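S.K.: Need coordinates for the below:
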Amino acid sequence: MAVPADQPKEEKHVKVVVTGGAGFIGANLGRALLEHPEIDRVVALDNLSTGLRSNLAGTGVELVEATILDPDALDATFDGASAVVHLGARPSVPRSVADPVASHHANATGTLEVLQAARRAGSIHVIVASSSSVYGANTDLPKRETMRTAPISPYAVSKQATESYAIAFGHSYGLPVLAFRFFNVYGPLQPAGHAYAAVIPAFVDAALRGAPLQVHGDGEQTRDFTYVGTLTRVITEAVVNKVTDLDPVNLAFGSRTSLNGLIDELSDLLGFRPEVEYTAPRAGDVRDSQADNSRLRAHFPAVEAVPLREGLKSTIDWFATLPSYQDQTGGRPHPAG
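M.R.: Model (predicted):
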């Protein structure tokens, strides 16, 4: 039956919880979720061990300061939620090598607590963040979800547990789940020196300070870089459309860029070539990474990746707005337009 034109439409009240929501990816995701007309409330649950309260300032995202290891806090926060995006973790391969037990507690046990809370809340939709690091020593390219995983760091093992627990809860309890494998995410709100900081923010930071770029190895190692804006669009679509899968899904688009190639691109955007220092490879780092995105495309056929050059420019522009860099460019040109 048709609804009379003067009768108000039913409002949708969709609440989404983002664990780790004050971090680099979480804060970008909170913004993207609130821009969608079907989502009117986003709650970030974060203990601020690596996240920043300032990342959420003025966004409309609510902050609950708590740990994912606290079942009572999870229950209170998940109440009334339609979906949970579980990003809360102890990031970084080097940190996991230094303290594997801490990484296990945060990433493996933390995920288990989140999944249990989701069940108690009425089997709400759960999206979890795994990592391309699970492929580890498997050198075959591109990385397909069906290939053998071979983690070579405690961080990678903990992320393997993250996705495995989620998929097991889907099989065992019927929990609607989706496990994404992230590949080298970068973009605004990812400062250098941060626990999640990867090569791109480290390079941009050094270049803007006039310091040498530190490359671990010969620079020919390759990565499938994913701009954070692309990643948040995919996750937002997954939340709104309640996308589930009982197999992991690579969240990357099949690009392959060497670190030396990345330096060339950054140099062109910056207008000068920074000094580069090559050092010994780091323990736990994989040599090459490139995703097969067939499964991702099957779920999200309309999503297009932000090109590397465009994403790098946005990242450099964000760095250039930070007070600590505005007086340290040494008269060098600002990022190219």
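
S.K.: Output the contacting helices and strands for the longest helix belonging to the chain.
M.R.: In the chain, with assignment by DSSP state H, the single longest helix is helix 154-173. On a contact count with 3 or more Cβ pairs under 8 Å, 6 or more residues apart in numbering; DSSP states H and E, helix 154-173 meets helix 93-98, helix 100-103, helix 110-120, strand 125-131, strand 177-182. The C-beta positions use only the backbone N, C-alpha and C, and glycine is treated the same way.

S.K.: can you give me the strands for the stretch 201-337 of the chain?
M.R.: 213-216, 222-223, 226-227, 249-251, 257-258, 276-279 (DSSP state E, counting those that start in this stretch).

S.K.: And the helices in the chain?
M.R.: According to DSSP H, the helices that the chain contains are 24-35, 71-78, 93-98, 100-103, 110-120, 154-173, 199-209, 228-240, 259-270, 294-299, 308-321, 323-326.

S.K.: Poorly predicted segments of the stretch 151-300 of the chain, please.
M.R.: Applying pLDDT under 70 to the stretch 151-300 of the chain flags residues 194-197.

S.K.: ugh, wrong one, I meant the stretch 1-150 of the chain
M.R.: In the stretch 1-150 of the chain, residues with pLDDT under 70: 1-12.

S.K.: repeat that with 80
M.R.: Residue ranges of the stretch 1-150 of the chain with pLDDT under 80: 1-13.

S.K.: sorry, back to before: between the strands of the stretch 201-337 of the chain, which gets nearest to residue 52?
M.R.: strand 226-227 (20.2 Å; Cβ to Cβ).

S.K.: For the closest one, name the packing helices and strands.
M.R.: Applying 3+ Cβ pairs under 8 Å, 6+ apart, one finds that strand 226-227 makes contact with strand 185-186, helix 308-321.

S.K.: ranking these by burial, who's on top?
M.R.: Highest mean neighbour count among the helices and strands packed on strand 226-227 (mean count of other Cβ atoms under 10 Å): strand 185-186, with a mean of 24.

S.K.: by contact count, what packs against that strand?
M.R.: In terms of contacts (3+ Cβ pairs under 8 Å, 6+ apart), strand 185-186 is packed against strand 226-227, helix 228-240.

S.K.: which one of those lies closest to residue 113?
M.R.: Residue 113 sits nearest to helix 228-240 of all those, at 20.6 Å, using Cβ to Cβ.

S.K.: Alpha carbons of that closest one, in PDB - could you do that?
M.R.: Only the C-alpha atoms of helix 228-240 are listed here, as PDB (Å, rounded to 0.1, in the frame of the first residue of the first chain):
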ATOM      1  CA  VAL A 228      42.500   4.700   3.800                       C
ATOM      2  CA  GLY A 229      39.600   6.400   1.900                       C
ATOM      3  CA  THR A 230      39.200   3.400  -0.300                       C
ATOM      4  CA  LEU A 231      39.200   1.000   2.600                       C
ATOM      5  CA  THR A 232      36.600   3.000   4.500                       C
ATOM      6  CA  ARG A 233      34.300   3.100   1.500                       C
ATOM      7  CA  VAL A 234      34.500  -0.700   1.300                       C
ATOM      8  CA  ILE A 235      33.800  -1.200   5.000                       C
ATOM      9  CA  THR A 236      30.900   1.300   5.000                       C
ATOM     10  CA  GLU A 237      29.300  -0.600   2.100                       C
ATOM     11  CA  ALA A 238      29.900  -3.900   3.900                       C
ATOM     12  CA  VAL A 239      28.100  -2.500   7.000                       C
ATOM     13  CA  VAL A 240      25.200  -1.000   5.200                       C
END
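
S.K.: end to end, how far does stretch 83-90 reach?
M.R.: Its start and end residues considered, stretch 83-90 measures 22 Å (Cα to Cα, to the nearest Å).

S.K.: Quick check: beta-bridge partners of the nearest residue to residue 295 once chain neighbours are set aside?
M.R.: Leaving aside its sequence neighbours, residue 295 sits nearest to residue 249 (Cβ to Cβ, 6 or more residues apart in numbering; 5.1 Å). Residues in a beta bridge with residue 249, per DSSP bridges, are residue 180.

S.K.: my read: residue 249 touches residue 180, true?
M.R.: Yes. Counting by Cβ atoms under 8 Å, residue 180 is a contact partner of residue 249 at 5.5 Å.

S.K.: Now do the nearest residue to residue 219 once chain neighbours are set aside: how many residues are near it, please.
M.R.: Setting aside the residues directly before and after it, residue 219 is nearest to residue 260 in space (Cβ to Cβ, 6+ apart), at 4.0 Å. The local packing of residue 260 (other Cβ atoms under 10 Å) involves 15 other residues.

S.K.: still on that earlier bit, okay, the helices and strands packed on strand 226-227 in CSV with distance to residue 200 next?
M.R.: As requested, the helices and strands packed on strand 226-227 are exported to CSV (distance: least, Cβ to Cβ, whole Å):
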stretch, distance to residue 200
strand 185-186, 4
helix 308-321, 6
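
S.K.: Looking at the ones you listed, which is nearest to residue 86?
M.R.: Each of the helices and strands packed on strand 226-227 was scored for nearness to residue 86 using Cβ to Cβ, and the closest is strand 185-186 (15.3 Å).

S.K.: List of residues touching that closest one?
M.R.: Applying Cβ atoms under 8 Å, 6 or more residues apart in numbering, the set of residues contacting strand 185-186 from outside is 24, 25, 198, 200, 201, 225, 226, 227, 228, 231, 311, 315.
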